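Colleague: coords below, sequence missing:
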């Protein structure tokens, strides 16, 4: 039986070897006596240091996205994170995990609509990482699920026909869209980024 790493976002990863699991901070002597458990529960879960670092670099200077070297780095980390190379296997894996809530599935469906139908996102990508995590916060957010789940199943046969299965083809489709590199990097951070640090995740628009 395969055991897949749970990400701090609540999503599931394929390859633990490319991820980091932070060490829980040691509680003080006083805290250890008074409190049963002072650890943040997110310490139990994984994230990608590479995604975190490249995202912070972009947040510090948005002109980095104009660099072909920077864009190539995004592509490399995307392939590394989705390391099995099949997008639909990753999608199917998310549908059976307790840390993946209706809110997570709404994000997935919105992303599929963005990729397949060129639909505008209903929620700006900068907002998703504030609410998607492997904790009670994501589970407690109330949304109109019927607004997002218009089909009988999360991942229909029709979607599989219209969206390529190979990750290389999905990434190519992703970055071919207007601001596609921006959206891809945001999504990498939403899925594989850290949640313990308070990273600034809003890109100012003019």
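Modeller: Sure thing, it's come through. For clarity, every value in this text was computed on a predicted model and none was experimentally measured.
Colleague: so residue 76: helix, strand or coil?
Modeller: What DSSP: H, G, I helix; E, B strand; the rest coil gives for residue 76 is helix.
Colleague: report the separation between it and residue 131.
Modeller: Residue 76 is 28 Å from residue 131, where distance means C-beta to C-beta, to the nearest Å. No exception for glycine: its C-beta is placed from N, CA and C like everyone else's.
Colleague: who's more crowded, these two?
Modeller: Counted by other C-beta atoms under 10 Å, residue 76 and residue 131 do not tie: residue 131 has more neighbours, with 17 against 12.
Colleague: quick one: low-confidence ranges for this protein?
Modeller: Filtered on pLDDT under 70, the chain yields the residue ranges 1-2, 23-42, 96, 135-161, 196-206.
Colleague: for it, what spans make up the helices?
Modeller: 29-34, 49-60, 68-81, 87-94, 102-117, 125-131, 136-140, 145-148, 157-162, 167-175, 180-192 (DSSP state H).
Colleague: list the buried residues for the second one?
Modeller: In this case it means helix 49-60. By 16 or more other C-beta atoms under 10 Å, the buried positions in helix 49-60 come out as 50, 51, 52, 54, 55, 56, 58, 59.
Colleague: and that helix, what does it pack onto?
Modeller: Packed against helix 49-60 by the contact rule (3 or more C-beta pairs under 8 Å, 6 or more residues apart in numbering; DSSP states H and E) you find helix 68-81, helix 180-192.
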